[in-house]
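Participant: I need the structure of the sequence given here:
(one chain, ligands or ions: 1)
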Amino acid sequence: MLQPPSTNRWQQKIPKKDNIFLRRVIRGRLPVRKVLLNLVANIPDTKCPLCTEPEETIPHIFLKCTIAQFSWLRLGLWWKMAIPDFNTMEDVWEWLDNCKIQGKFKKHLWVVIIAILKSIWETRNNKVFNEKEKTKEMVFEGAQAKAFN
Ligand SMILES: [Zn+2]
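Facilitator: Sure thing, here's the model as predicted:
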């Protein structure tokens, strides 16, 4: 398995709390519905809470869901980069490892990517637990604000 950038050279740049979150994303241990179904039997359904996709998986919520797709598109426009259509989280780390930008910008891009993942996850949890909705613009703007904190 490919190691995400967080576990090697950029680890020290990331707050501990973010590292824990990332490890759970990487190891498939975030409680998305499809993961929960394997742990407990009484999950009412495995539908994505944010769209109509029948299975909420980690790659779906962070890469394929409408809010995720919008965030990756906006990231590409913001950074003036072609962002590929990622299918797995490993695709993201591999792309970041190989993308031809200067080291200091790459570190910042990594911080932005973590902020996007966190913003998506918070939005998802707010919908599931508090019935609060956010627009895809709000999700991306939330990630931008987080990246600069
Ligand atoms: Zn979805």
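
Participant: drop to CA atoms for contacts and neighbour counts, all remaining ones
Facilitator: Fine.

Participant: show me how far the helix ranked longest in the chain is from its chain's centre.
Facilitator: Identified as the longest helix of the chain according to DSSP state H is helix 103-130. Offset of helix 103-130 from its chain centre (CA atoms, centre = their mean, to the nearest Å): 5 Å.

Participant: got the buried residues for it?
Facilitator: Within helix 103-130, the residues scored as buried using 16 or more other CA atoms under 10 Å are 106-107, 109-121, 123-125.

Participant: what about the residue nearest the centre of the chain, distance to residue 111?
Facilitator: Taking CA atoms, centre = their mean, the centroid of the chain lies closest to residue 117, which sits 2.6 Å from it. Distance from residue 117 to residue 111, counting by CA to CA, to the nearest Å: 10 Å.

Participant: near the ion at all, the longest helix of the chain?
Facilitator: No. Figure legend: helix 103-130 not in contact with the ion (CA under 5 Å from the ion); closest approach 9.2 Å.

Participant: next SSE downstream of that helix?
Facilitator: helix 136-147 (DSSP states H and E).

Participant: give me the residues contacting that next one.
Facilitator: Under the criterion CA atoms under 8 Å, 6 or more residues apart in numbering, residues 66-67, 70-71, 74, 111-112, 115-116, 118-120, 123 lie in contact with helix 136-147.

Participant: could the residues you listed be laid out in JSON lines, adding pLDDT?
Facilitator: Converted to JSON lines, those look like this (pLDDT from 0 to 100):
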{"residue": "66", "pLDDT": "94"}
{"residue": "67", "pLDDT": "94"}
{"residue": "70", "pLDDT": "97"}
{"residue": "71", "pLDDT": "97"}
{"residue": "74", "pLDDT": "96"}
{"residue": "111", "pLDDT": "89"}
{"residue": "112", "pLDDT": "93"}
{"residue": "115", "pLDDT": "94"}
{"residue": "116", "pLDDT": "96"}
{"residue": "118", "pLDDT": "94"}
{"residue": "119", "pLDDT": "95"}
{"residue": "120", "pLDDT": "96"}
{"residue": "123", "pLDDT": "95"}
